[in-house]
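Colleague: Sequence and computational prediction follow.
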Amino acid sequence: MGVDVGVPRLTMPDLLALLSGPVAAAARGLLGATVSGGGVTVRLTEVEAYAGLGEDPSSHAHRRRTPRNAVMFGPPGFAYVYFTYGVHWCLNVVCGPPGQASAVLLRAGEVVDGLEVARSRRPKATDRDLARGPARLATALGIDKTADGTPLLDDTGPLHLAAGAPVPPDRIRTGPRVGVTTDTAWRYWIADEPTVSAFRPYVPRNRVRRAGTRTQESDP
DNA sequence: AGTAGGATAATCT
DNA sequence: GATTATCCTACTG
């Protein structure tokens, strides 16, 4: 039984249509949607669009199809999960028509259900920080590589994506994406949401301490 | 409050 | 062998 009749909510076919279209619109439209996994539900407050083959140097699918990014080349509505920095998992929603390989990175959200479970997965985090950042969000949902390539729009996989209460357009903010070289304003977030992650400009990590480099000073 | 550095391994050149 | 769509801790002021 729907209670709040006045609030239009995307139907499942509408959600699929949204994900099938241009990735920027898909990213925008995903704000306010919910992702559930492992007993935790997160309401998305911050996302980033990544175009696929060719157009976007920051996209994992920029150059060509590889085993890692293969899911991005498939149909929309599936999870693309990647491992980075040797430590973290991040969750994307595959968008666009098959072959285009665009995706939306889920950067942050508010835990709206399963709070106790989310806290147990991130014991040291405050409630605000439980899913504030892409790897934190993935951890809160209990995501690892087994979620890669699973469907998000039905209940056959470990994750489920559902439309939420629509976000008024004037509440949506845009800006450059985090941690990448390109400056396209393809980061979207909901204004005044405390769960939105802090912006961090791209900084190359050049300083590699080489094991073979001997230093002579061994005493002051 | 702000920043520097380390963790740690898959992926790609 | 270099890079990485990040996060946490420790240190400085």
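Modeller: That came in fine, so what should we check first?

Colleague: next one: phi and psi at residue A:171?
Modeller: phi -100, psi 0 (degrees, to the nearest 10).

Colleague: Spit out the contact partners of it.
Modeller: Residue A:171 sits next to A:190-192 when contact means Cβ atoms under 8 Å, 6 or more residues apart in numbering. The C-beta positions use only the backbone N, C-alpha and C, and glycine is treated the same way.

Colleague: what pLDDT does residue A:1 get?
Modeller: With respect to pLDDT, residue A:1 has a value of 51.

Colleague: Residue A:140 and residue A:121, how far apart?
Modeller: Residue A:140 sits 6 Å away from residue A:121, going by Cβ to Cβ, to the nearest Å.

Colleague: Let me fix that, I meant to ask about residue A:69.
Modeller: Counting by Cβ to Cβ, the gap from residue A:69 to residue A:121 is 27 Å.

Colleague: Would you mind telling me which of the two has more residues around it?
Modeller: residue A:69 (22 against 18; other Cβ atoms under 10 Å).

Colleague: how far does the lowest-mean-pLDDT helix or strand in chain A sit from the chain's center?
Modeller: In chain A, the helix or strand scored least confidently by mean pLDDT, DSSP states H and E is helix A:12-20, which has a mean of 93. Computed by Cα atoms, centre = their mean, to the nearest Å, the chain-centroid distance of helix A:12-20 equals 17 Å.

Colleague: right, is that helix up against DNA strand C?
Modeller: No - using Cβ under 7 Å from any atom of the strand, helix A:12-20 stays clear of DNA strand C, with a minimum separation of 14.4 Å.

Colleague: picking that back up, buried among the contacts of residue A:171? Need that as a selection in ChimeraX.
Modeller: Selection of the buried residues among the contacts of residue A:171 in ChimeraX, burial being defined by 16 or more other Cβ atoms under 10 Å:
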select /A:190
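
Colleague: how about CSV for the contacts of residue A:171, with pLDDT added?
Modeller: Shown next, in CSV, are these (pLDDT from 0 to 100):
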residue, pLDDT
A:190, 98
A:191, 97
A:192, 96
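
Colleague: which residues in chain A form strands?
Modeller: A:34-37, A:40-50, A:79-84, A:88-95, A:102-113, A:159-162, A:172-175, A:187-190 (DSSP state E).

Colleague: returning to what we had before: can you tell me which of the contacts of residue A:171 is closest to DNA strand C?
Modeller: residue A:190 (17.3 Å; Cβ to the nearest atom of the strand).

Colleague: got the contact list for the closest one?
Modeller: A:31-32, A:45-46, A:167, A:171-173, A:196.

Colleague: Tell me the residues on chain A that lie near DNA strand C, please.
Modeller: So far as Cβ under 7 Å from any atom of the strand goes, chain A lies against DNA strand C at A:48, A:50, A:58-61, A:72, A:80, A:82, A:84-88, A:90, A:92, A:103, A:105, A:122, A:124-125, A:129, A:133-137, A:177-181, A:197, A:200, A:204-206, A:208.

Colleague: quick one: contacts for the residue of chain A found nearest DNA strand B?
Modeller: Per Cβ to the nearest atom of the strand, residue A:86 is where chain A lies closest to DNA strand B, at 2.2 Å. Contacts of residue A:86 were listed using Cβ under 8 Å, 6+ apart, and none were found.

Colleague: Please report how far the nearest residue to residue A:50 once chain neighbours are set aside lies from residue A:120.
Modeller: Closest residue to residue A:50 apart from its sequence neighbours, by Cβ to Cβ, 6 or more residues apart in numbering: residue A:59 at 4.3 Å. Distance, residue A:59 to residue A:120, by Cβ to Cβ: 34 Å.
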